[in-house]
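Visitor: Structure for the following, please:
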Amino acid sequence: MTLLLYALCGADRSRQFSPHVWKTVMALAHKGLDHETVPVAFTEIPAIESGATATVPLLRDGERLVRDSFDIAVYLEEAYPDRPTLFGGEGGRAMARFIETWSQSALHMAVTRIAILHIHAMLDPVDREYFRRSREARLGASLEDIAAAGAAEVEGFAKRLQPLRNMLKHQPFIGGEGPLFADYIVFGALQWLRTTAGTKVLDEDDPVAGWFERCLDLHDATGRRVTAA
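Guide: Numbering: from 1, shown residues only. Now for the predicted structure:
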């Protein structure tokens, strides 16, 4: 049975942009598992699978529904042990938990400030209203004020990636010689920026830029199937 992946989209339903969805897309490709993408807008999420989730990604594998990108990766690792590993063992799973915490604390708010008005512009009118209301309530400022802080985030974004830059002096991927789910976690954040705002935050000769290009080329260039904004 075909795996179904519910993925966030805007008015253009072919453009998935959620960083968490991209983690799952790359995890499925890493495992060599074909899937069908079901695009859903923000305001459509409560209706999918009879209200099974408040967020995406959501994966259906037969009768099994799995929420949350990290839980999906763990599920895929356990359900398909004969496929390439996403973690390389318990130590890799624990490492990925740390990378996820670092990525969300160091990168996600910066991307939010840079891309928030771009995301708003990508949405259908009903979703624009929801997005503005929910994000302004969550962040305590207007979308315009949040975006005004984005200029400073662009200037400082590369510095936030210094730990990754230092690591790339020793190995091509966070996972070592090849990628693991930890790579897809950080990739998801940068892919989110690439597919929404398209803002250049890295110099071409930056080792992190080279790593990101390698990630885009993985699994028959899965990451390039959605073009940059």
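Visitor: give me the low-pLDDT residue ranges for this protein?
Guide: Flagging of the chain using pLDDT under 70 yields the residue ranges 1.
Visitor: What segments of it are strands?
Guide: Along the chain, the segments classed as strands by DSSP state E run 3-8, 35-40, 58-61, 64-67.
Visitor: Nearest to Arg15 among these would be which one?
Guide: Nearest to Arg15, of all those, is strand 35-40, at 8.5 Å by C-beta to C-beta. C-betas here are computed from N, CA, C, even on glycine.
Visitor: And this protein, split by domain according to the record?
Guide: Annotated domains of the chain cover 3-79, 90-223 [automatic domain parsing].
Visitor: Of those domains, give the one that comes closest to Ala229.
Guide: Distance to Ala229, taken as C-beta to C-beta, is lowest for domain 90-223 among the domains of the chain, at 3.4 Å.
Visitor: Need the distance between the two termini of that closest one.
Guide: End-to-end distance of domain 90-223 (C-alpha to C-alpha, to the nearest Å): 27 Å.
Visitor: and if you look at stretch 195-203?
Guide: End-to-end for stretch 195-203, by C-alpha to C-alpha: 18 Å.
Visitor: closest one to Arg165 among the strands of the chain?
Guide: strand 3-8 (29.1 Å).
Visitor: could you check the angle strand 35-40 makes with that closest one?
Guide: If you take axes from the mean of the first three to the mean of the last three C-alpha atoms, to 10 degrees, strand 3-8 sits at 30 degrees to strand 35-40.
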